[in-house]
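Colleague: Sequence plus predicted model, see below.
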Amino acid sequence: MAGGVISNPQKAYHLEFLLDDENADKISEILVGFGLRPKKILRGGQNVIYLKEAEEISDVLKIIRADKSLLALEELRVEKAIANNVNRKVNFETANLNKTVDAAQVRIESIKYIEKNGGLGILPEPLEEVARLRLQNESLSLAEIGELLNPPAGKSRVNHRLRKICEIARDMREQSEV
């Protein structure tokens with residue numbers, strides 16, 4: 001009545017049946033009856049009924065009681081989902097780390113500019129303390145710098161002070177251009 005194939009799900013989800021005209025309509029109706037949405041094309045004079053959604057392919061395997069194939073497909077789907085989640089998390093962490101490094105570099109450059117063009121002593125004492133700690137500990141997080149302050153301060157306060165230092169450096173740059 002029909003021949004079919006399921007592609008390697010590691011690459012793409014694809015199930016198709018090769019059928020004559022009469023059987024193509026019957027198979028399509030049966031699949032629709034199970035709530036599936038098969039597509040139909042003509043290839044090389046033969047009707048091809050196909051599905052591209054993993055969930056629908058899984059349903060077809062349940063319907064035809066291809067239990068071993070169903071388990072293999074589901075196992076692969078779980079593995080792909082885990083790999084995709086890991087990749088998403090790694091990409092997020094990498095982007096976040098790059099953003100943090102870029103921000104730290106801008107702040108360090110601002111502190112060095114102030115140091116070169118007036119000295120850190122021109123800064124109010126809380127800002128000067130943060131500036132010196134940042135220069136001495138370029139790889140520390142804001143929270144870690146906050147722990148080194150006397151008295152210790154939170155990440156938010158350290159971030160606020162570093163933003164203020166960048167504003168002062170920007171103002172100094174603008175004044176030197178005039």
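Modeller: Sure thing, it's come through.
Colleague: Touching the one helix or strand residue 146 maps to from outside, list them.
Modeller: Using DSSP states H and E, residue 146 falls within helix 142-148. Helix 142-148 is contacted from outside by 130, 133-134, 137, 140, 152-155, 157-159, 162, using C-beta atoms under 8 Å, 6 or more residues apart in numbering. For glycine as for every other residue, the C-beta is placed from the backbone atoms N, C-alpha and C.
Colleague: Would you list the buried entries among these?
Modeller: In the contacts of helix 142-148, burial by neighbour count holds for 130, 133-134, 140, 153, 158-159, 162, counting by 16 or more other C-beta atoms under 10 Å.
Colleague: Can you tell me which of those residues end up in strands?
Modeller: For the buried ones among the contacts of helix 142-148, membership in strands holds for none, with DSSP state E as the criterion.
Colleague: Out of those, flag the one nearest to residue 58.
Modeller: Closest to residue 58 out of the buried ones among the contacts of helix 142-148 is residue 159 (48.2 Å), distances taken as C-beta to C-beta.
Colleague: And the helices in the protein?
Modeller: Remark: helices assigned in the chain by DSSP state H are 21-33, 54-63, 67-116, 125-136, 142-148, 155-177.
Colleague: Tell me which of these sits nearest to residue 11.
Modeller: In terms of C-beta to C-beta, the element of those nearest to residue 11 is helix 67-116, at 10.7 Å.
Colleague: So which elements touch that closest one?
Modeller: Helix 67-116 sits against helix 54-63, helix 125-136, helix 155-177, with contacts defined as 3 or more C-beta pairs under 8 Å, 6 or more residues apart in numbering; DSSP states H and E.
Colleague: and it, average pLDDT?
Modeller: Helix 67-116 carries an average pLDDT of 93.
Colleague: looking at the chain, which residue lies furthest from center?
Modeller: Going by C-alpha atoms, centre = their mean, the residue of the chain most distant from its centre is residue 22, 46.8 Å out.
Colleague: how much space between that one and residue 28?
Modeller: 11 Å (C-beta to C-beta, to the nearest Å).
Colleague: How about residue 129?
Modeller: Using C-beta to C-beta, residue 129 is found at 74 Å from residue 28.
Colleague: same question, residue 35
Modeller: To residue 28, residue 35 is 13 Å away according to C-beta to C-beta.
Colleague: neighbour count winner among those two?
Modeller: residue 28 (18 against 8; other C-beta atoms under 10 Å).
Colleague: Just to check, the more buried one is in contact with residue 40?
Modeller: Yes: assessed by C-beta atoms under 8 Å, residue 28 is found in contact with residue 40 at 6.0 Å.
Colleague: which neighbours do those two share?
Modeller: Both residue 28 and residue 40 are in contact with residue 49, where contact means C-beta under 8 Å, 6+ apart.
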